[in-house]
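>>> using only what follows, build the 3D model:
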Amino acid sequence: MSVAHSVAAQAVNPAPPASSATTSSASSAQDASGSDPKAIALMQQMVDALGGAKWLAIHNVVQEGRTSGFFQGKPTGSIGDFRSLRTVPVSRTDPGLQRTEFTKKHDVVTILTPDIDWEITYRGKRQLPPEEYLSVFRRRDHSLDEAVRVWWHEPGTVFFSGGQKMSGRHLVDELTLLDSNNDNITLQLDTETHLPFRIAFTWRDPLYKDNNEDAVEFADYHPVDGLPTPLSETYSHNGDMTSQRYLTHVFYNVPVAPDDFDVDATAARLKK
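Alright, predicted model coming up:
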């Protein structure tokens, strides 16, 4: 396992210019009909800023820290510890797995498989209802990893540049990925470092037919194993903050136990 890095690490310096080591990852996207070459170049700058080939070689991530809840942008008072382990997506049908442990005792666990979100406690396991897990799946399927590792290489993905704009108090470069199903991911990159500042997507409510936007903002980048890593994540829905995560430790490419994502094995351990 990698050595833990605390939030006291020094801030990340602006990223160097794009290197030839990772330009091959953009080759298929550069031929996409209708794509804006500037948007593709921004995408490549972002990957290079994140660590290029080393970042692309990540296969899992562990995050530890505290999370807090919000309702209509106001704190709910819900604050707790968490530890999450997730694997990176490979394809639409293999979006990766995620295990999240809550409380100081790690005795409330959720395991996200490709199509089911499980909650496990000392009482056993239960499959969470759609109203509780659909938002989790949507965020997973529109994540930064999904955009770079899956969407970028799919035939039919088109890249659009949104130009420079102010996002909050940050000057950002904006680009949007549109897939063959007319689904979208919009990225905002810090103009100086090219690191991700905000990622968002819009979706149509199947019941009320209105459009919604979910987003996450990244801040407080520090180097972890030589990779720029945001230690603050702020989630929002239609402009209202819903939750925040403050990370105290991040690990990349950790050894994974055979039963880390085994729902029944986890339930058996928590019952003891």
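>>> can you report phi and psi for residue 48?
phi -60, psi -40 (degrees, to the nearest 10).
>>> now do it against residue 137, distance only.
30 Å (C-beta to C-beta, to the nearest Å). From N, CA and C alone the C-beta is placed, and that goes for glycine too.
>>> can you check residue 179 too?
Separation of residue 179 from residue 137 (C-beta to C-beta) stands at 16 Å.
>>> tell me the contacts of the residue nearest to the spatial centre of the chain?
Central residue of the chain (C-alpha atoms, centre = their mean): residue 143, 4.2 Å from the mean position. By C-beta atoms under 8 Å, 6 or more residues apart in numbering, the contact list for residue 143 reads 89, 199.
>>> and what of residue 69?
By C-beta under 8 Å, 6+ apart, the neighbours of residue 69 are 75-79, 242-243.
>>> can you show me the strands along the stretch 101-250 of the chain?
108-112, 117-121, 124-127, 158-167, 170-178, 184-190, 196-204, 211-224, 227-237, 240-252 (DSSP state E, counting those that start in this stretch).
>>> most packed of those?
The highest mean neighbour count among the strands of the stretch 101-250 of the chain, using mean count of other C-beta atoms under 10 Å, belongs to strand 184-190: a mean of 22.
>>> neighbouring contacts of stretch 176-183?
Stretch 176-183 is contacted by residues 39, 142, 147, 151-152, 154-160, 162, 184-187, 201 when judged by C-beta under 8 Å, 6+ apart.
>>> just checking the distance from it to the centre of its chain.
Remark: stretch 176-183 is offset 18 Å from the chain centroid, using C-alpha atoms, centre = their mean, to the nearest Å.
>>> can you check stretch 58-66 too?
With C-alpha atoms, centre = their mean, you get 11 Å for stretch 58-66.
>>> now do the buried residues in it.
Neighbour counts over stretch 58-66 (16 or more other C-beta atoms under 10 Å) mark 58, 60-65 as buried.
>>> now do that stretch, average pLDDT.
For stretch 58-66, the mean pLDDT works out to 97.
>>> over to stretch 191-208?
94.
>>> what's the end-to-end length of that stretch?
By C-alpha to C-alpha, to the nearest Å, the extent of stretch 191-208 from end to end equals 37 Å.
>>> tell me which residues touch the residue lying closest to residue 203 once chain neighbours are set aside, please.
Closest residue to residue 203 apart from its sequence neighbours, by C-beta to C-beta, 6 or more residues apart in numbering: residue 212 at 5.6 Å. Going by C-beta under 8 Å, 6+ apart, residue 212 touches 202-205, 237-238.
>>> now residue 65
By C-beta under 8 Å, 6+ apart, the contact set of residue 65 is 81-82, 231, 245-249.
>>> quick one: which helix or strand includes it?
Using DSSP states H and E, residue 65 falls within strand 60-71.
>>> direction included, what does that strand pair against?
strand 74-87 (antiparallel), strand 240-252 (antiparallel) (DSSP bridges).
>>> adding mean pLDDT and distance to residue 224, write the ones you listed out as JSON lines.
What follows is the strands paired with strand 60-71, written out as JSON lines (pLDDT from 0 to 100; distance: least, C-beta to C-beta, whole Å):
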{"stretch": "strand 74-87", "mean pLDDT": "87", "distance to residue 224": "15"}
{"stretch": "strand 240-252", "mean pLDDT": "95", "distance to residue 224": "5"}
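>>> thanks a lot, see you next time.
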